[in-house]
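A.B. asks: My questions are about this predicted structure, shown below with the sequence.
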Amino acid sequence: MANYWLDAPAHHAWLTREALRLLDFARASRLPQGFGNLDDAGRLPRGAVAETLNTARMTHSFALAHLHGVPGCKGLVEHGVAALQGPLHDALHGGWLAAPEGHGDGRKAAYLHAFVALAASSAVVAGVIEAQALLADAIEVIERHFWCEEQGALRESFSRDWQSCEAYRGANSNMHGVEAFLALADVTGQPRWLERAVAVVQRLILRQAAGDGLRVTEHFDSHWQPQPDYNQKLPADGFRPYGTTPGHAFEWARLLLHLEASLQRAGLPAPDGLLPAARGLFDSAWHNAWHVDGAPGLVYTLDWDNRPVVRERLHWVHAEASATAAALLKRTGEGQYECCYRRIWDFIAEYFIDPVHGSWHHELDPANLPGARIWGGKPDLYHALQALLLPRLPLAPSLASALAL
């Protein structure tokens, strides 16, 4: 029998200890209006603002922790739900602003609303009664404004009053839409969310990416025509970088496996090619991004000839690669994914985990030293925590529902 870390009690214990350590660090992010972004030492900077994205991700993460049996987390979930229903919600026009009134540009993004829906669904599973109303509100906004049935995908963003729609479509927001839709399908019991996830996957992966060597095109115009030169002059953008993003290829690969398992669990047919696409996305990203510049680790972006553009190593990319290697190992039982899984965690343990100040460095420079070109501080719990939980969970249902079983 293969000696897989996923079967090893000691590995499970290590994952649990690290998750608890991250949660202890993240508790300091609480602000009156939600959750803020912690600095490298785990402190809230003077004048810190509770951004909606981090509040939604923290609410989701603390809901997972509560469901995992970590005491003291349900109150943090309730705090996040109250913030998303109060100061972060646009009482005038509906939906969610990026930050409380007076901060940010007022635009409303599909990416952000997907995380609000995910947070609300996880809070419902965690038993927060008030989250039911938040979930209903998030669903109504997604269906009214963001979901385009004709295109089978999410629109990107709107002006605050919903009158102006951005002439851009993004794979990133739709990827997190798929993540949210899987959770919504579990919490509501409504198969239309799985059908929508399938529609997005068919457009962006089974057609677009499959036609380009399973490289994920990130940027499109409003008619879903690829924009390969988008942000060429701003290649290190944190959300819309130029070129291809290997971390998103890993993330998409994992979501394809979750979608396949969720459809099977619901008794619905799965599109042909989900597993081959997941394999191809992972293998291509691994081959083109790991150790590609002579140093260990995965680079942030590549150009269209698969050459590194932004060579910084981001923690979320490695968290997603680890979680996807675990998912592929579960789905296939093939030892190559165990090798990748071990290699990624060894790299995370050596370079990303910060034993002095806590949590993980969010970014490393090309020499694998802590950096802050793209992401400063340590605001994100979501990616690392999920990477620590997913290896011990089935591919379906989604995280919160699986932890509640």
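C.D. replies: That came in fine, so what should we check first?
A.B. asks: use CA for all of it now, contacts and neighbours both
C.D. replies: Fine.
A.B. asks: Relative to Ala48, how far out is Glu143?
C.D. replies: 32 Å (C-alpha to C-alpha, to the nearest Å).
A.B. asks: mind listing what's buried in stretch 76-95?
C.D. replies: For stretch 76-95, a neighbour-count test (16 or more other C-alpha atoms under 10 Å) marks 76-85, 87-90, 94-95 as buried.
A.B. asks: Which of those residues sits closest to Pro271?
C.D. replies: Gly95 (32.4 Å; C-alpha to C-alpha).
A.B. asks: Surely that closest one and Lys108 touch.
C.D. replies: Yes. At 7.3 Å, Gly95 counts as touching Lys108 under the criterion of C-alpha atoms under 8 Å.
A.B. asks: So which residues of the stretch 201-350 of the chain form helices?
C.D. replies: Here the stretch 201-350 of the chain has its helices, by DSSP state H, counting those that start in this stretch, at 246-265, 274-289, 315-332, 335-347.
A.B. asks: so who does Val187 touch?
C.D. replies: Val187 sits next to 121, 124-125, 401 when contact means C-alpha atoms under 8 Å, 6 or more residues apart in numbering.
A.B. asks: cool, Ala367 as well?
C.D. replies: Ala295.
A.B. asks: List phi and psi for it.
C.D. replies: Note on Ala367: its backbone torsions stand at phi -90, psi 10 [degrees, to the nearest 10].
A.B. asks: quick one: it and Arg313, what's the gap?
C.D. replies: Ala367 is 9 Å from Arg313, by C-alpha to C-alpha.
A.B. asks: With Ala387 instead?
C.D. replies: 16 Å.
A.B. asks: out of these two, which sits in the busier spot?
C.D. replies: Per other C-alpha atoms under 10 Å, whichever of Ala387 and Arg313 has more neighbours is Arg313, with 26 against 21.
A.B. asks: Is the more buried one in contact with Tyr300, as I believe?
C.D. replies: Yes. Arg313 is within contact range of Tyr300, at 5.8 Å (criterion: C-alpha under 8 Å).
A.B. asks: from the chain's centre, how far out does stretch 183-199 sit?
C.D. replies: Centroid separation for stretch 183-199 versus its chain: 18 Å, with C-alpha atoms, centre = their mean, to the nearest Å.
A.B. asks: in it, what's buried?
C.D. replies: Using 16+ other C-alpha under 10 Å as the burial criterion, the residues of stretch 183-199 that qualify are 183-187, 191, 193-199.
A.B. asks: Stretch 31-50 now?
C.D. replies: Within stretch 31-50, the residues that count as buried by 16+ other C-alpha under 10 Å are 31, 33-38, 40, 42-44, 49-50.
A.B. asks: now do stretch 142-159
C.D. replies: Result for stretch 142-159 [16+ other C-alpha under 10 Å]: buried residues 142, 145-147, 152-158.
A.B. asks: what about the residue lying closest to Leu204 once chain neighbours are set aside, how many residues close to it?
C.D. replies: Using C-alpha to C-alpha, 6 or more residues apart in numbering and skipping residues adjacent in sequence, the residue nearest Leu204 is Ala171, 7.0 Å away. Ala171 sits with 25 neighbouring residues when counted by other C-alpha under 10 Å.
A.B. asks: Look up how far Leu88 lies from Ala171.
C.D. replies: On the measure of C-alpha to C-alpha, Ala171 and Leu88 end up 25 Å apart.
A.B. asks: Likewise for Leu314?
C.D. replies: 28 Å.
A.B. asks: ok, now Phe35?
C.D. replies: In this view, Phe35 and Leu88 are 11 Å apart by C-alpha to C-alpha.
A.B. asks: got any residues that touch both of those two?
C.D. replies: What both Phe35 and Leu88 touch, as defined by C-alpha under 8 Å, 6+ apart, is the set Glu51.
A.B. asks: contact partners of stretch 355-364?
C.D. replies: If you take C-alpha under 8 Å, 6+ apart as the criterion, stretch 355-364 is touched by 21-22, 25, 40-42, 312-316, 352-354, 370-378, 380.
A.B. asks: Can you give the distance of that stretch from its chain's centre?
C.D. replies: With C-alpha atoms, centre = their mean, you get 19 Å for stretch 355-364.
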